[in-house]
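S.K.: Need a 3D model of the following:
(chains A and B)
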Amino acid sequence: MEDMIFYDRLQFAFTITFHYIFPQLTMGLSLIIVYFKWKYLKNKVESYNNAAKFLMSIFAINFTMGVVTGIPMEFQFGTNWAKFSELTGSVIGQTLAMEGMFSFFLESSFLALFIFGEKLMGQKLHFLTGFLVFLGSWASGWFILATNAWMQHPVGYEILENGKFVLENFSALFTNPWLLPAFLHNQVASVTTSSFVVASIGAFYILRNKNLKYGKLFLKTGVIFGLVSSLLLAFPTGDWNAKNVAKYQPASFAAMEGIFETEEAGAEIVLIGQPNMVEKKLDNKIAVPNILSFLTYQEWDKQIPGMDQFKEEELPDNVPALYYSYHIMVGLGTIFIAIMSLAVFFLWRRKLYTLKPLLWVIMFLVPFPYIANITGWYTAELGRQPYLVYGLLKTSDGISPTVSSGNTLFTLLGFVALYMLLGALFLVLVGKTIHQGPKHQTH
Amino acid sequence: MEIFWFIIIAIVLAVFFILDGYDFGAGIIHLFMAKTEKDKEVITKSAGLFWDSNEVWLVVAGGMLFMAFPTFYASVFSGFYLPLIIVLWLIVFRAIGLEFRSQFNYQMWKDIWDKSFGVSSLLLALFFGIALGNVVRGVNLGGVENGISHYEGHYFFLPLWDSSFSPLSETPGVIDWFTIVIGLIAVVTLAIHGANWIVLKTNSSINQKLKKTVLKLNIVLAILTIFSLAIWQIVNPNSLNNFTNNPYLLIFPIIYLTGLIGLFFIKKMNKEIYPFVFSTLLILGGITSSLASMFPVILPSTNTVNESLTIYNTVTTAYGLSVAMYWGIIGFILLFVYMIIQKKIMGGKIDKMDYGH
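M.R.: Below is the predicted model:
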């Protein structure tokens, strides 16, 4: 039983982590593409249109990857988490079915038109199809996060005698207090990822001294979008989410922040430290007193419950993983704001394009928003443990009773092998597209 | 209400097999018939432009099953664990074959992805047919017999095959001689459908050849259909009851027959849309007849302990179904709007279209 749960969780974590790489880029990139297309409609400068189309060819590769890795996600609910599906299907089946109906259809119908239809449609319609692709991809995020928000903070349900959750109030699913902050934080994060990617491509072109016109355009757009979005990540969206966790999942909040013991006179904020689960304390801690209480409740001495206030079985089952995920996310976010502020400052002083050290940093920054996003997702998911539906349904009660751990391990290895191949292909194709540069896309 | 949703999901599934069916079929045709680079390119394009919006129907069907019949979704998907995961892998291979073949202009690169597209289309068609065969045949649905618990409740786990390879065995596997026959029918049907699609969408040099192939395949299909009716009776003796009790259900087999007979006359027809309409009728009739023969059962139980899964004992509550109906109607209207826009802009032969930027 133990290893059945372990392999099921590992498989889901692996497949969703890999999947999430792609939609987080496509959601943000579609916004930047719409922006370029709009600039082109306004002033008819050809390079904006080429920039939009170039980014669209990167979008298309990502979209394919997102689709082929996303279809298994939906079906894994049934294959690996059959009990969970049976018990909660009538609630989260709503949001999942709506995702297919309202967003996936929109996105995939108009993507082909956007890529192949420019000459068949004229510019205004072409802009519109691009906008609909953007709308579809954001709607997709909305429905997926509505599903996740219900698991984090269940609302609008009723539990029958046989343990099944049934829907009692449909609109509650979308007015869930967890949903809007989580959605906004996630969307802003995806804009950060894609603006860093765009800025990085720009920096690469400038450093290579080729496609200079586009290099400057990408770099400039990327760092401006990057600064705005990484500021929004911290405030208000990040702050809003942290307050939600403190309110609805206090045990997770204590674990995330690394508070082992409750302090009477207000909680300190931990900057650095390693959770020591044996002695129940943080090793090598650097912390600032009372800040956490202030950030969370705007009161310097407000008490925040530590992990000692909760029963062992209510605490997340992997406190160090949760703690590190959260701190890596927050730490990277802070670094992003610093680097992008610097970049925008030099852009304003007209020195950015020749400032090689900063260009190198921007070029190699690309993996980090991905890491921040993934650790952010882990923070949410590990924080919800040991529950699938917070406080109501344990993870161990959600797996498929008839699928043995051997089968799950076999399919996990299959997914790992297949996704390695996909990852390699993806890098080759995106690399090729970037190498060819704008105005030379294949299709 | 459950009947309404059963019909909706049946329609979504049928639409999925009709739409994605033609690009599966294009893959099968591509594997066996495409010889020149030009043919390969147009066939890939005839599928590649549409597969992702077609595949959304599968996602929607899955989501709706999850929402409306959660017990069915849970037991079937975990019960058919291995074949389902293999199907997911094949979907990946097919999609990347389609999307990435023309990214590099090396022959070897193209050959690899052509084969990937063709072989996985073939296997997927086969597996979908086998899946239908399994649902018709039924499975050993858990339960407790003589004090020995098989599995809890209605959960089961099907191995890929059982040593006897017989659908009548106590513990049949996913693959047996009955499900293989249904699988072959699916492959032939989709190959016909795909060939008609290619003829409709391209001016490919193999179009004339494809029309002959469709005729040959149609003969094979007719023979397989008659054969399958006989073994269907052995596997599921009750399958005619619904039709004798409610003769109006015979409309579904008649739709199938119309498609089958119509396809024999395509040589005389001058419009290329007709063959495609007939193969659409084949798929529509085939799926709806199978479902009508089982109704209201959606997964028969082969043991005596556990009752079969029906739309009544797997359904969710009425409230959930009724709200879903409202957004479902809005969703379907939007879908038709998208489809009309897509058809307006991307209709016609694809090789005449001016692609690119």
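
S.K.: list the contacts for residue 157?
M.R.: No chain was given, so I picked chain A. A:V91, A:W150, A:F165, A:V166, A:L167, A:E168 (Cβ atoms under 8 Å, 6 or more residues apart in numbering or on different chains). In this view, the C-beta of every residue, glycine as well, is placed from N, C-alpha and C.

S.K.: wait, chain B
M.R.: B:F157 sits next to A:T402, A:V403, A:S404, B:S78, B:G79, B:Y81, B:Y151 when contact means Cβ under 8 Å, 6+ apart.

S.K.: would you turn those into a markdown table with neighbour count, distance to A:A139 and pLDDT?
M.R.: As requested, the contacts of B:F157 are exported to a markdown table (neighbours: other Cβ atoms under 10 Å in any protein chain shown; distance: Cβ to Cβ, whole Å; pLDDT from 0 to 100):
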| residue | neighbour count | distance to A:A139 | pLDDT |
| --- | --- | --- | --- |
| A:T402 | 20 | 35 | 83 |
| A:V403 | 25 | 32 | 86 |
| A:S404 | 14 | 38 | 86 |
| B:S78 | 29 | 30 | 89 |
| B:G79 | 28 | 33 | 88 |
| B:Y81 | 24 | 31 | 91 |
| B:Y151 | 19 | 39 | 59 |
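
S.K.: Show only the entries of these found in helices.
M.R.: B:S78, B:G79, B:Y81 (DSSP state H).

S.K.: Could you name the specific helix or strand carrying the closest residue to chain B within the stretch 201-350 of chain A?
M.R.: Here the residue of the stretch 201-350 of chain A nearest chain B is A:Y214; by Cβ to the nearest Cβ that distance is 14.9 Å. Take DSSP states H and E as the rule and A:Y214 turns out to sit in helix A:212-232.

S.K.: which is the next helix or strand following that helix?
M.R.: helix A:239-248.

S.K.: coming back round to it: and the residue of the stretch 201-350 of chain A closest to chain B, how many residues sit next to it?
M.R.: Residues contacting A:Y214 under the criterion other Cβ atoms under 10 Å in any protein chain shown number 20.

S.K.: what residues are up against it?
M.R.: A:S47, A:N50, A:A51, A:F54, A:G202, A:Y205, A:G437, A:P438.

S.K.: quick one: A:Y323 and A:N276 touch, right?
M.R.: No: taking contacts as Cβ atoms under 8 Å, A:Y323 lies outside contact range of A:N276: 10.9 Å.

S.K.: Which of those two has more residues huddled nearby?
M.R.: Using other Cβ under 10 Å, the more surrounded residue of A:Y323 and A:N276 is A:Y323, with 24 against 14.

S.K.: The helix or strand where the more buried one lies versus helix A:239-248: what angle between them?
M.R.: Using DSSP H and E, A:Y323 falls within helix A:319-348. Computed with axes from the mean of the first three to the mean of the last three Cα atoms, to 10 degrees, the direction of helix A:319-348 lies at 160 degrees from that of helix A:239-248.

S.K.: now helix A:319-348, how far from the centre of its chain.
M.R.: Between the centre of helix A:319-348 and the centre of its chain there are 15 Å (Cα atoms, centre = their mean, to the nearest Å).

S.K.: so what does that helix touch, helix or strand wise?
M.R.: Judged by 3 or more Cβ pairs under 8 Å, 6 or more residues apart in numbering or on different chains; DSSP states H and E, helix A:319-348 is in contact with helix A:179-208, helix A:212-232, helix A:250-257, strand A:269-276, helix A:356-364, helix A:367-384.

S.K.: The same query, at a cut-off of 7 Å, please.
M.R.: helix A:212-232, helix A:250-257, strand A:269-276, helix A:356-364, helix A:367-384 (3 or more Cβ pairs under 7 Å, 6 or more residues apart in numbering or on different chains; DSSP states H and E).

S.K.: sorry, back to before: measure the residue of the stretch 201-350 of chain A closest to chain B to B:I28 for me?
M.R.: 42 Å (Cβ to Cβ, to the nearest Å).

S.K.: now swap in A:F294 and tell me
M.R.: 66 Å.

S.K.: who has more neighbours, the two?
M.R.: Set A:F294 next to B:I28 and count neighbours by other Cβ under 10 Å: B:I28 wins out with 26 against 15.

S.K.: so that one touches B:T189, yeah?
M.R.: No: contact criterion Cβ atoms under 7 Å: B:I28 and B:T189 do not qualify, at 10.3 Å.

S.K.: what about the chain, any weak spots by pLDDT?
M.R.: Just going to use chain A. For chain A, the stretches with pLDDT under 70 are A:1, A:440-443.

S.K.: Let me rephrase: I mean chain B.
M.R.: B:143-152, B:351-357.

S.K.: residue ranges of the strands in the stretch 251-357 of chain B, please?
M.R.: Along the stretch 251-357 of chain B, counting by DSSP state E, counting those that start in this stretch, strands occupy B:297-299, B:309-310.

S.K.: from the helices and strands packed on helix A:319-348, which stretch is densest packed?
M.R.: With neighbours taken as mean count of other Cβ atoms under 10 Å in any protein chain shown, the helices and strands packed on helix A:319-348 reach their highest mean count in helix A:250-257, at a mean of 25.

S.K.: Can you list the helices and strands that it packs against?
M.R.: If contacts are counted by 3+ Cβ pairs under 7 Å, 6+ apart, helix A:250-257 sits against helix A:239-248, helix A:319-348, helix A:367-384.
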